[in-house]
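# Pasting the sequence and the predicted model now:
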Amino acid sequence: MTVAEKWVPSVRYRGDHLLILDQQQLPHHTVYLNVTSIGHVWDTISKLKVRGAPAIGITAAFGLALWSNTVKEDDLSIFLSKLKEQRDYLASSRPTAVNLFWAIDRVAAAAQSATSVDDAKKRIESEALHIQEEDENTCRKIGEYALSLLQDGDAVMTICNAGAIATSKYGTALAPFHLAKEKGWTLSVYANETRPVLQGSRLTAWELQANDIDVTLITDNMAAHTLKTKNIKAVIVGCDRVAANGDTANKIGTFGLALQARALGIPFYVACPLSTLDLVTASGSDIPIEERPEEEVTHINGVRIAPEGIKVFNPAFDVTPAEYISAIITEKGIIKGNYTNELPKLKEEHK
Ligand SMILES: CSC[C@H]1O[C@H](OP(=O)(O)O)[C@H](O)[C@@H]1O
C-alpha cells in the first residue's frame, strides 16, 4: 500500500474543530487531537505536536478559520482588525519556518477583499483549504523532480522528518521515496535519528517502514561513516526557510551533514516548495533560529539523561550556506546553483 493509495492527512479541518495527528506521541500511539480554539492551535504548533514547515502553515491557516467561525462581529473593519491580532498571535508560535507566516498572511490577505464579515469568513476558510489542497500536488511535483536525480536501487540519506505528516501528503524530502515505491523502484533510505526531538527515529523511520520503504535508522554521529561506507548516492533534506541567496535553514544537524557530503563528494539536495522560499530574507545570517526548551536535550521520554543544572544550548535549526547545496528541488523545477539570480526568477515566474 502506498501513500497515494491510503493516506489520512495529519491535519483535518472540520469547521468547528481540527483533528491533528499528535506527532509527539508517534511512533507508539496514533492519537488525533480534537483542537477547538486558536489557543489550542498555537499550543500544538509550539509544542511540535504538529510540525514540519508546510504542516505548520496549513494548521495555522485553519487556526484562523477556526477563530473566524466563532467571532460574533458585524462590522467588517473591526473583524479585519481582530483578524490581524490573531494572525500576529499565531505568528508568535514558532519563528523559523517561513511557511507559518506565508500561510497566515495569505489567509489574512484573502479576507481583505471581503464585502462583509460573512464573506470574509468564507474567504478565510476557502483560502486555508486551498493551501492544504495545493500542497499535495506541490509535494508530488517535488517528489517527481527529486526522483529524476536518482536511480532505482540508490541509497539516500536524510535527516529529521520532511515526510507526509510534515505536509499535506507525500512530504518534500521523503516524497521521492513514496513515489519510487509507486514506480516499483527500490530506494534505500538512511534516516538520521535527529536528536534531540528524534523526528528521524520516531517519525521518518515509522513513516517509511509503514509504507514498506527500505529504511535504516542511524544515530546522528554515524552519518559521516555511513556516507563513506554505504555507497550513499545523495543526501536529500527538507527546509524551513530558504533565503534569497540560497542559504537554507533546516533541522539542527543539516549543516554538518552538508559539510560531510561535500567532503565525500556526495550531492546534497534541498527539497523546497516555493512557499518556503523567503526572498525578503537576504541570507542565512538573517534567518531567526528557534531555541527550544533545555528539557528536550536533558531528558528523553521524561527520563533525565544529563546532570541537574547543566547548561544547555538547544537550537532547533541551523543554516547550510548555499555553496554546500548541490541543488534546490522545487515543484517548478530544479535549481543547480546561482541561487541569488535563479530563485527570484523562479518565484516570479510562478507567483
Ligand atoms: C517538510 S518541512 C520539514 C522540516 O521541518 C522540520 O522542523 P520541525 O520538526 O522542528 O518542525 C525539519 O526542519 C524538517 O526538515
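Here it is on my side, so go on. Note that the structure is predicted; figures quoted are calculated from it, not measured. Numbering: from 1, shown residues only.

# ok, how many other residues are close to the residue in the chain that the ligand sits nearest to?
Using CB to the nearest ligand atom, residue 238 is the residue of the chain that sits closest to the ligand, at 2.9 Å. From N, CA and C alone the C-beta is placed, and that goes for glycine too. Neighbour count of residue 238, defined by other CB atoms under 10 Å: 32.

# now swap in residue 266 and tell me
Residues within reach of residue 266, counting by other CB under 10 Å, total 20.

# picking up where we left off before, nearest residue to the residue of the chain closest to the ligand other than its sequence neighbours?
residue 162 (2.5 Å; CB to CB, 6 or more residues apart in numbering).

# and if you look at residue 172?
Spatially, and ignoring its direct neighbours in sequence, residue 172 is nearest to residue 271 (3.9 Å; CB to CB, 6+ apart).

# Give me the phi and psi angles of the closest residue to residue 198 other than its chain neighbours.
Spatial nearest neighbour of residue 198, chain neighbours left out: residue 300 (8.0 Å); criterion: CB to CB, 6+ apart. Residue 300 adopts backbone torsions of phi -130, psi 120, taken as degrees, to the nearest 10.

# what is residue 300 paired to in the beta sheet?
Beta bridges link residue 300 to residue 303, judged by DSSP bridges.

# quick one: the residue nearest to residue 238 is in a strand?
No - read with DSSP: H, G, I helix; E, B strand; the rest coil, residue 162 is coil and lies in no strand.

# Run a quick neighbour tally on it.
Residue 162 has 32 nearby residues by other CB under 10 Å.

# Check what pLDDT it gets.
Residue 162 carries a pLDDT value of 98.

# now it: how far from residue 57?
Per CB to CB, to the nearest Å, residue 162 is found 14 Å from residue 57.

# swap in residue 119?
Distance from residue 119 to residue 57, by CB to CB: 23 Å.

# Check residue 182 too.
Distance check for residue 182 against residue 57: by CB to CB, it reads 26 Å.

# May I have stretch 237-244 exported as CSV, CA atoms only?
In CSV, the C-alpha atoms belonging to stretch 237-244 read as follows (Å, rounded to 0.1, in the frame of the first residue of the first chain):
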residue,chain,number,x,y,z
VAL,A,237,16.7,17.2,3.2
GLY,A,238,13.7,19.3,3.8
CYS,A,239,13.8,23.0,4.7
ASP,A,240,12.1,25.6,6.8
ARG,A,241,13.3,28.8,5.1
VAL,A,242,15.5,29.4,2.1
ALA,A,243,17.0,32.9,2.0
ALA,A,244,17.3,34.9,-1.3
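
# quick check: longest helix of this structure.
helix 117-147 (DSSP state H).
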